[in-house]
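Chemist: 3D model of this:
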Amino acid sequence: MESLLKPTLQLLAILAAAMVSGSVFGIWRGYDPAGYSPAAFVEVHQGAVRGLNVLLPAIGLAAILLTVILTVQAGRQSRAFPLYLLALLGFLAGGIVTRFGNQPINAVIMQWTAASMPADWQALRDSWWTWHKLRLAASVGGLLFLVAAVLADRPGAG
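Modeler: Got it, this is the predicted structure:
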């Protein structure tokens with residue numbers, strides 16, 4: 001049974017990280033808010049926040065916790081250890097950017113209506129987009145390091 005524990009944790013960590021990274025990538029690729037009218041921006045953004053603002057951070061937290069476990073299990077002498085650590089740092093960076101960059105802006109935008117948007121709404125929209133691109137880089141980087149760590153952590157690797 002123990003022989004299945006590590007591969008199961010690795011699979012779940014990759015799945016969680018891929019779900020977050022894929023979602024963030026999809027938002028980046030398919031939702032450049034600069035192309036939306038003010039009314040469309042508010043409607044689309046608020047819909048995305050309602051659907052993802054709790055779910056994606058929860059999945060991201062799962063990826064972080066699973067990666068912590070895998071990092072500790074790998075041990076400092078392992079070839080996989082620095083790769084797990086870099087993955088963990090990427091996921092933590094993505095989470096910090098989300099919590100302190102994107103989510104405060106989301107909270108403000110959730111209070112808007114198309115009729116009550118502030119005059120400088122585009123500045124806040126653009127700030128959100130900058131934070132989003134940073135978390136995309138952190139999330140995808142973390143996923144790449146996690147996959148590399150799992151490959152380096154296989155029996156007989158290296």
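Chemist: where along this protein do the helices fall?
Modeler: 2-30, 38-52, 55-74, 81-97, 103-109, 121-152 (DSSP state H).
Chemist: would TSV of those with mean neighbour count, distance to Ala115 and mean pLDDT be doable?
Modeler: Quick note: C-beta positions are derived from backbone N, CA and C, even for glycine. Output for those, formatted as TSV (neighbours: other C-beta atoms under 10 Å; distance: least, C-beta to C-beta, whole Å; pLDDT from 0 to 100):
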stretch	mean neighbour count	distance to Ala115	mean pLDDT
helix 2-30	16	26	94
helix 38-52	15	9	95
helix 55-74	19	29	97
helix 81-97	21	31	98
helix 103-109	15	14	97
helix 121-152	19	12	97
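Chemist: okay, stretch 113-127 in CSV with CA atoms only?
Modeler: Taking Å, rounded to 0.1, in the frame of the first residue of the first chain, the C-alpha atoms of stretch 113-127 are listed here in CSV:
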residue,chain,number,x,y,z
THR,A,113,-22.7,47.9,-11.9
ALA,A,114,-22.4,49.0,-15.5
ALA,A,115,-24.1,52.2,-14.5
SER,A,116,-21.9,52.8,-11.4
MET,A,117,-18.4,52.2,-12.7
PRO,A,118,-15.8,54.8,-11.5
ALA,A,119,-14.2,57.1,-14.1
ASP,A,120,-10.8,55.4,-13.7
TRP,A,121,-12.2,51.8,-13.9
GLN,A,122,-9.7,50.9,-16.7
ALA,A,123,-6.7,51.5,-14.4
LEU,A,124,-8.1,49.0,-11.9
ARG,A,125,-8.9,46.6,-14.8
ASP,A,126,-5.3,46.9,-16.1
SER,A,127,-3.8,46.4,-12.6
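Chemist: what's it in contact with?
Modeler: The contact list for stretch 113-127 (C-beta atoms under 8 Å, 6 or more residues apart in numbering) reads Pro33, Ala34, Pro38, Ala39, Phe41, Val42, Glu43, Gly101, Ile105, Val108, Ile109, Trp112.
Chemist: Based on its surroundings, how many neighbours for the closest residue to the fourth one other than its chain neighbours?
Modeler: Here the nearest residue to Ala39 in space, its sequence neighbours aside, is Ala114; by C-beta to C-beta, 6 or more residues apart in numbering that works out to 3.7 Å. Ala114 has 12 neighbours, counted by other C-beta atoms under 10 Å.
Chemist: Tell me the confidence at the residue lying farthest from the centre of the chain?
Modeler: Using C-alpha atoms, centre = their mean, the residue of the chain lying farthest from its centre is Ala115. It sits 31.7 Å away. If you check Ala115, the pLDDT there is 94.
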